[in-house]
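[1] sequence-free structure coming up:
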């Protein structure tokens with residue numbers, strides 16, 4: 001198979017290795033990206049690595065049930081704070097796809113760092129890297145985002161960029 005980079009140069013596609021997907025957002029936000037990644041892994045008969053980058057300094061988004069009263073924050077602290085919620089979100093998004101593609105071995109991978117760096121490192125020996133991009137228009141035209149831009153220009157393997165609303 002002939003694959004070319006963003007610069008038009010040929011890219012070597014390894015015959016072994018996994019499919020890596022950049023996991024971001026909840027169940028609905030990541031559905032299309034995960035569909036493409038699971039289909040690719042199933043077709044290639046290789047494992048899928050679902051990668052989520054976590055920044056060292058993180059502003060937590062609490063579930064709506066907690067609100068922001070001192071009493072509800074105390075309850076959140078009793079259950080380990082927002083961290084368990086943050087760790088459970090990727091698993092919730094992967095679950096329907098694990099059921100639909102039981103033949104695909106899935107490795108969930110969370111790592112601290114910028115999304116671009118974490119994805120590039122995880123995909124260093126991959127057959128394919130799948131990332132999403134929000135469709136955003138600006139005065140200068142469509143914007144692909146920093147993560148998609150980084151992996152398109154620096155990935156050692158082919159990259160699939162999946163648009164999402």
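    Cool, the structure landed. Keep in mind that what you see is a predicted model, and the values were worked out from it rather than measured. Numbers count the residues shown, from 1 in each chain.
[2] can you give me the strands in the chain?
    3-4, 10-11, 19-22, 48-54, 106-112, 128-134, 136-138, 141-143, 159-164 (DSSP state E).
[3] winner for burial among those strands?
    strand 19-22 (a mean of 30; mean count of other C-beta atoms under 10 Å). Any C-beta I mention is one placed from the backbone N, CA and C, and that applies to glycine too.
[4] Identify the residue spatially nearest to residue 104, adjacent ones excluded.
    Nearest non-adjacent residue to residue 104, counting by C-beta to C-beta, 6 or more residues apart in numbering: residue 41, 4.7 Å away.
[5] go on, residue 160?
    Leaving aside its sequence neighbours, residue 160 sits nearest to residue 130 (C-beta to C-beta, 6+ apart; 4.6 Å).
[6] Is the one you found bridged to anything, and to what?
    Under DSSP bridges, the beta-bridge partners of residue 130 are residue 21, residue 160.
[7] For it, give its distance to residue 116.
    14 Å (C-beta to C-beta, to the nearest Å).
[8] pLDDT weak spots in the protein?
    Within the chain, the segments meeting pLDDT under 70 span 1-15, 55-87, 135-136, 138, 141-142, 165.
[9] Walking through it, point out its helices one by one.
    Per DSSP state H, the chain has helices spanning 27-44, 70-78, 83-100, 115-122, 146-154. These are given in chain order.
[10] Out of those helices, which gets nearest to residue 164?
    Distance to residue 164, taken as C-beta to C-beta, is lowest for helix 27-44 among these, at 5.3 Å.
[11] Remind me what the closest one packs against, helices and strands.
    Counting contacts by 3 or more C-beta pairs under 8 Å, 6 or more residues apart in numbering; DSSP states H and E, helix 27-44 packs against strand 19-22, strand 48-54, helix 83-100, strand 128-134, strand 159-164.
[12] can you redo the ones you listed as JSON lines with distance to residue 150?
    Output for the helices and strands packed on helix 27-44, formatted as JSON lines (distance: least, C-beta to C-beta, whole Å):
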{"stretch": "strand 19-22", "distance to residue 150": "10"}
{"stretch": "strand 48-54", "distance to residue 150": "11"}
{"stretch": "helix 83-100", "distance to residue 150": "20"}
{"stretch": "strand 128-134", "distance to residue 150": "9"}
{"stretch": "strand 159-164", "distance to residue 150": "10"}
